[in-house]
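Trainee: Below is the sequence, then the predicted model.
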Amino acid sequence: MENIEHPRKREDAYKLLEIFEETTGSPAKMWGTSIIGFGSYHYVYPTGHEGDAPYVGFSPRKAKISLYLMLSEDDREQLLSKLGKHTTGKACVYINKLDDIDLEVLKQLIQRSVAYLQELYPNG
């Protein structure tokens, strides 16, 4: 994370590292070159495609910080409405900085994501 140019974004990345590790109870692991993931599960799609992925993660990208969270539709709507300033993609939540969001809601999002994926993929 030392290669993150903007000091504020680097500070936010270290805080996210702490929050994700505390909330998941899992150590950080690099997934590829830019995603910091926590925990992992093995998935198999009906098409036969399979692989491994982190339960949750984040990436302090140049433009925004990407949060990788997978939630049920109910949890997604309910919790994201309380999160604060963000935009969303299919399985990503994008934020500019931690000061824009409620960190307690972020912790709930992390917990619910892990629980949801453990329910979907009970064998890890």
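Mentor: Yep, that arrived. Small disclaimer: the values here were computed from a predicted structure and weren't measured. Numbers count the residues shown, from 1 in each chain.
Trainee: make it CA atoms for all contacts and neighbour counts henceforth
Mentor: OK.
Trainee: Give me the average confidence score over the helix or strand hosting residue 51.
Mentor: If you go by DSSP states H and E, residue 51 is part of strand 50-53. Averaging pLDDT along strand 50-53 yields 94.
Trainee: all strands for this protein, in order.
Mentor: 28-31, 35-38, 41-44, 50-53, 56-60, 65-68, 87-88, 92-95 (DSSP state E).
Trainee: who does the last one pair up with?
Mentor: Spelled out, that is strand 92-95. strand 65-68 (antiparallel), strand 87-88 (antiparallel) (DSSP bridges).
Trainee: now this protein, which segments are flagged as low pLDDT?
Mentor: For the chain, the stretches with pLDDT under 70 are 1-5, 124.
Trainee: Let's have the strands of the chain in TSV, adding distance to residue 106 and mean neighbour count.
Mentor: What follows is those, written out as TSV (distance: least, C-alpha to C-alpha, whole Å; neighbours: other C-alpha atoms under 10 Å):
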stretch	distance to residue 106	mean neighbour count
strand 28-31	17	15
strand 35-38	15	24
strand 41-44	21	15
strand 50-53	20	12
strand 56-60	11	23
strand 65-68	10	22
strand 87-88	14	12
strand 92-95	10	18
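Trainee: Out of the ones you listed, flag the one nearest residue 77.
Mentor: Closest approach to residue 77 among the strands of the chain (C-alpha to C-alpha): strand 87-88, 11.1 Å.
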